[in-house]
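Trainee: Would you be able to build a 3D model of this:
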Amino acid sequence: NEANVLARLLPRKLQQYFFGENGTYTKEVAEEVSKNRGFDITYYIISSNDEQAACIFRLLESVPSRVFRMKGEDFYSATEGRYDTMGIDRCACLKGSSTIFGFPTLVIDGGSAITYTAMDAHGHIMGGGISPGVKMRLKSMNEGTGALPFIKTEDILRYIRRALDEKRPLSTFAKNTEEAMIASTLNEIGAHLRHVIRIWSEKVESSNIKTDDEEVKPDKTIAVTGGSGEIITKLLQPNSGGIVELANDVKQDYVVTWEKTLLHIGVAAALLSHVKKNYEEISEKIGGKKQAEMDPLTHKNLIGKRIAKYFDQAAEDNDHMYRGTVDNMKQTRGVLMFHVSYDDGDKEQVPLDDLQAMITKYELVGEKKSSENIKKRPREKETNRYVGARIAKRFDDGVVYYGSVISYNDEYWKIKYEDSDEEEFDIDELNKYLKFYKEQEKMNRK
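Mentor: Predicted coordinates for the structure are as follows:
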């Protein structure tokens, strides 16, 4: 049962989105849910592994869907510096970083292997490099020797947590084997990547953009992503983030930021780029003008139109269809965008293609029969009441860490732990760890 296998691989919210909330994962159930939704899901696969991609295609055949496997040329052309053997994941992450931070940019991806990919101030791909990741380095020492131990992920995290909690970096001159292996591995990775950043910085600065009056030095942002991305980000902070010892003469004139969704942002950016390109080509054929040159007055009659859009989060009356009104439009970087205000108070901007689909959807479903149960966004006082609340969470190392809610933004609450680490929770996660904190407090009192 491919549908059942697919469901087990999905997070809970996606399970409900594709198969409903009754816990039955079959092709027939998925077809019924898709019919009620009104459209099939479109999947974009990013994979350099043909066998893996084939397995994903087979699983997705069990649910109503459209599936596309993206290629390197969907992100960059050869004239932009993409080479034939450049991994599709590296193309997507580079696209994501350049979309967020602009040019120049350097992406470091910490997975099984650590890759880095650079782009210059003119948006041209410079190239990159590949080296063993954290686990691969430690595993090779275990398998290539007769005495060195196998070190698990939780062991690595335990040493890092201890270094941060005790404010005592792992020693370059360790006195036990595990710490010696972990410290040396992290030192090697940190030193190597700092060298990469230094060389990239020099090359970027040597090609500074010049104006008539001055030489403009581009901002240098390093985007880190991948499974070990958070560790690498800390290693590249001043003083190696307190994880390992760092020589005092190391200077830092760049910004390092961790972006775990970099690849997904890159996919969205590539798709939007193609939508814009296709729309401009169609507009040019029909009216002899590109969208950037079109008169916005052509679409002025769309303002005031009613729209409808399906969301995976249902309102209190279990209706997934949200209605709204087009109330404004403007051109942004040559793209005509329409401002939509939903009846529940939410707002968003959408391009013309999406708007036309939303207008068509409204013509099909019409107005909600009763407007009394429209789901409202949480009011400010409802969201802020959690600020200051205490939470507790058990991490992979088995240790329970305590923290506090420090702020709320766009349906997520920011948590700051006692060791100064931070993360964000949605409402389900927040309730889970608020409850866990109360349970821990009861146990401590006993």
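Trainee: Could I get the full set of helices for the stretch 101-250 of the chain?
Mentor: With DSSP state H, counting those that start in this stretch, the ranges of helices along the stretch 101-250 of the chain come out as 134-143, 153-165, 177-206, 229-235.
Trainee: Contact partners for Gly110?
Mentor: Neighbour list for Gly110: Gly133, Val134, Val224, Thr225, Gly226, Gly227, Ser228, Gly229, Ile231, Ile232 [criterion: Cβ atoms under 8 Å, 6 or more residues apart in numbering]. C-beta: built from backbone N, CA, C; applies to glycine.
Trainee: out of those residues, who's nearest Arg385?
Mentor: Gly229 (33.0 Å; Cβ to Cβ).
Trainee: So that closest one is in contact with Asp109, correct?
Mentor: Yes: assessed by Cβ atoms under 8 Å, Gly229 is found in contact with Asp109 at 7.4 Å.
Trainee: So which of those two has more stuff around it?
Mentor: Shown here are Gly229 and Asp109; by other Cβ atoms under 10 Å, Asp109 has more neighbours (27 against 20).
Trainee: any idea how far the more buried one lies from Leu263?
Mentor: Asp109 is 8 Å from Leu263, where distance means Cβ to Cβ, to the nearest Å.
Trainee: okay, and the common contacts of these two?
Mentor: Common neighbours of Asp109 and Leu263, using Cβ under 8 Å, 6+ apart, are Asp89, Cys93, Thr225.
Trainee: now Met337, nearest residue through space, not along the chain?
Mentor: Distances taken as Cβ to Cβ, 6 or more residues apart in numbering place Gln349 nearest to Met337, at 4.6 Å, with adjacent residues excluded.
Trainee: my bad, should have said Glu367
Mentor: Leaving aside its sequence neighbours, Glu367 sits nearest to Arg323 (Cβ to Cβ, 6+ apart; 6.5 Å).
Trainee: list the buried ones in the helix or strand containing the one you found?
Mentor: Per DSSP states H and E: Arg323 is located in strand 321-332. Buried residues in strand 321-332, counted by 16 or more other Cβ atoms under 10 Å: Met321, Tyr322, Arg323, Gly324, Val326, Met329.
Trainee: Which one of those residues is nearest to Val267?
Mentor: Nearest to Val267 among those is Tyr322, at 24.7 Å by Cβ to Cβ.
Trainee: quick revisit: give me the beta-bridge partners of the residue nearest to Glu367?
Mentor: Beta bridges link Arg323 to Ala308 when assigned by DSSP bridges.
Trainee: just checking, it touches Tyr342?
Mentor: Yes: Arg323 lies in contact with Tyr342 (Cβ under 8 Å); the separation is 7.0 Å.
Trainee: returning to that earlier point: which one of the contacts of Gly110 is nearest Ala7?
Mentor: In terms of Cβ to Cβ, no member of the contacts of Gly110 lies closer to Ala7 than Gly227, at 23.7 Å.
Trainee: ok, that closest one - how many residues close by?
Mentor: Gly227 has 16 nearby residues by other Cβ under 10 Å.
Trainee: separation between the closest residue to it other than its chain neighbours and Ala392?
Mentor: Nearest residue to Gly227, sequence neighbours excluded (Cβ to Cβ, 6+ apart): Gly111, at 5.6 Å. Counting by Cβ to Cβ, the gap from Gly111 to Ala392 is 30 Å.
Trainee: mind showing which ranges of the stretch 201-350 of the chain have poor pLDDT?
Mentor: 207-219, 249-250, 279-298, 312, 331-335 (pLDDT under 70).
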